[in-house]
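A.B. asks: Structure, please.
(chains A, B, C and D)
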2 protein chains.
Amino acid sequence: MQVTELADTFGVKKDTVRYYTRIGLLRPSKSSNNGYKFYATPEQSRLRFILSARDLGFSIEDIKQIFSESDEGKTPCPTVRVLIEQRLQETEQRFIEMARLRDRMQSAIKAWDHMPDKAPCSNVICHLIEDFELVQSDTKNSNVQT
Amino acid sequence: MQVTELADTFGVKKDTVRYYTRIGLLRPSKSSNNGYKFYATPEQSRLRFILSARDLGFSIEDIKQIFSESDEGKTPCPTVRVLIEQRLQETEQRFIEMARLRDRMQSAIKAWDHMPDKAPCSNVICHLIEDFELVQSDTKNSNVQT
DNA sequence: TGTTGACCTGTGAGCAGCTCACAGGTTTAC
DNA sequence: GTAAACCTGTGAGCTGCTCACAGGTCAACA
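C.D. replies: The predicted structure follows:
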């Protein structure tokens, strides 16, 4: 199998396969006649593994580490258990930040509904954005006080 | 004000200010004696604006566009209203994906609790990850069938 | 046998939004 | 005068791809 067939088989882009190859996650052999890269069965397993791990939130670096352990014949399972806990924490953190951002955006849109457009003046670029900042901190303060 | 003082005033890193300068969001004058960049009041307003807009999910490119309109004396408000709707949609999309990823990770951890570590063999690198994939699709199929 | 055109290849560069490294200029205290 | 501390701008690096592109390969047809 060369790159195109492999990519099509797994539903990824050729460039993605090339990328994984370039960074050493896949190690195809070289066809002797034309020098094209050749992906045999083990490389196909590796790609399948990469995609599964990616879907579980493992980073490229994580996958490299898992491969290096399994290549040495060691079980990567303990590492995998540790890594996923870390990645889960990060994901939850980003999830919370994303939720907060979404809320800020939604309340900005709501607040701007009653507000007119204004031309920029001296040090004010867009009063919608600059006033919203104030509204936000006011709300925060009054929440703290009550 | 030069870069360090400006950065400290707004609680950002020097490198962030330098970055905004480099890409043209800030346009300091040059001190005549030593050639160091000098950030006067309007640049300080611009930085404050950048940070507010960033907190509302606007991209650097969005902010550039907003600046270019306000620099021409036009009100950027209509653009701002349109852009935030787009960014909100993207944020919601990413929020949903993040939630799904979190759920996958959590159920993987749960499933792995009863599963032993195993050494890699022939085409299996880490059975935890590879088996979880199967469990997932089984669940999906049985849901479809019932 | 030659040639056209489709397809294949590897590699360099680009994306966002910073962040870091680094060589060299400036200032300040002694 | 000089050493240390601080400042500067700029090039490169981060993640995980994605795109662009010059050039090699191959099948079909004249």
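A.B. asks: Correct me if wrong: A:P78 contacts B:A119.
C.D. replies: No: counting by CB atoms under 8 Å, A:P78 does not reach B:A119; the two are 11.7 Å apart. Every C-beta, even on glycine, is put in place using the N, C-alpha and C of the backbone.
A.B. asks: Return the set of buried residues in the longest helix seen in chain A.
C.D. replies: In chain A, with assignment by DSSP state H, the single longest helix is helix A:77-112. Neighbour-count burial for helix A:77-112, counted by 16 or more other CB atoms under 10 Å in any protein chain shown, picks out A:77, A:79-81, A:83-84, A:87-88, A:91, A:95, A:98, A:101-102, A:104-105, A:108-109, A:112.
A.B. asks: so for it, what's the average pLDDT?
C.D. replies: Averaging pLDDT along helix A:77-112 gives 94.
A.B. asks: what about it and chain B, touching?
C.D. replies: Yes: against chain B, helix A:77-112 shows contacts by CB under 8 Å from any CB of the partner chain at A:77-78, A:80-81, A:84-85, A:87-88, A:91-92, A:94-95, A:98-99, A:101-102, A:104-106, A:108-109, A:112.
A.B. asks: Any residue of that helix touching DNA strand C?
C.D. replies: No: Helix A:77-112 does not reach DNA strand C (CB under 7 Å from any atom of the strand); its nearest approach is 11.9 Å.
A.B. asks: Remind me what that helix packs against, helices and strands.
C.D. replies: Packed against helix A:77-112 by the contact rule (3 or more CB pairs under 8 Å, 6 or more residues apart in numbering or on different chains; DSSP states H and E) you find helix A:60-71, helix A:127-145, helix B:77-112, helix B:127-145.
A.B. asks: Kindly calculate the angle that that helix makes with helix B:77-112.
C.D. replies: Interaxial angle, helix A:77-112 versus helix B:77-112 (axes from the mean of the first three to the mean of the last three CA atoms, to 10 degrees): 150 degrees.
A.B. asks: Centre of the chain to helix A:77-112, how far?
C.D. replies: Centroid displacement of helix A:77-112 relative to its chain, using CA atoms, centre = their mean, to the nearest Å, is 11 Å.
A.B. asks: Report the inter-axis angle for it versus helix A:60-71.
C.D. replies: Going by the same axes, to 10 degrees, helix A:77-112 makes 170 degrees with helix A:60-71.
A.B. asks: and the residue positioned nearest the centre of chain A, how far is that from DNA strand C?
C.D. replies: Closest residue to the average C-alpha location of chain A: A:G57 at 7.8 Å, with CA atoms, centre = their mean. For A:G57, the distance to DNA strand C (CB to the nearest atom of the strand, to the nearest Å) stands at 18 Å.
A.B. asks: That residue and chain B, how far apart?
C.D. replies: Using CB to the nearest CB, to the nearest Å, A:G57 is found at 5 Å from chain B.
A.B. asks: Would you mind listing the residues in contact with A:E69?
C.D. replies: A:75-76, A:79 (CB atoms under 8 Å, 6 or more residues apart in numbering or on different chains).
A.B. asks: so A:K74 makes contact with B:A119?
C.D. replies: Yes: using CB under 8 Å, A:K74 is in contact with B:A119, at 7.3 Å.
A.B. asks: Now A:E92: closest residue in space, sequence neighbours ignored.
C.D. replies: Distance criterion CB to CB, 6 or more residues apart in numbering or on different chains; nearest residue to A:E92, sequence neighbours excluded, is B:R102 at 6.1 Å.
A.B. asks: Any idea how many residues pack against the residue lying closest to A:R104 once chain neighbours are set aside?
C.D. replies: The shortest distance from A:R104 to any non-neighbouring residue, by CB to CB, 6+ apart, is to B:L56 (6.1 Å). Per other CB atoms under 10 Å in any protein chain shown, the neighbour tally for B:L56 reads 22.
A.B. asks: what's the answer for A:A119, then?
C.D. replies: Count around A:A119 with other CB under 10 Å applied: 12.
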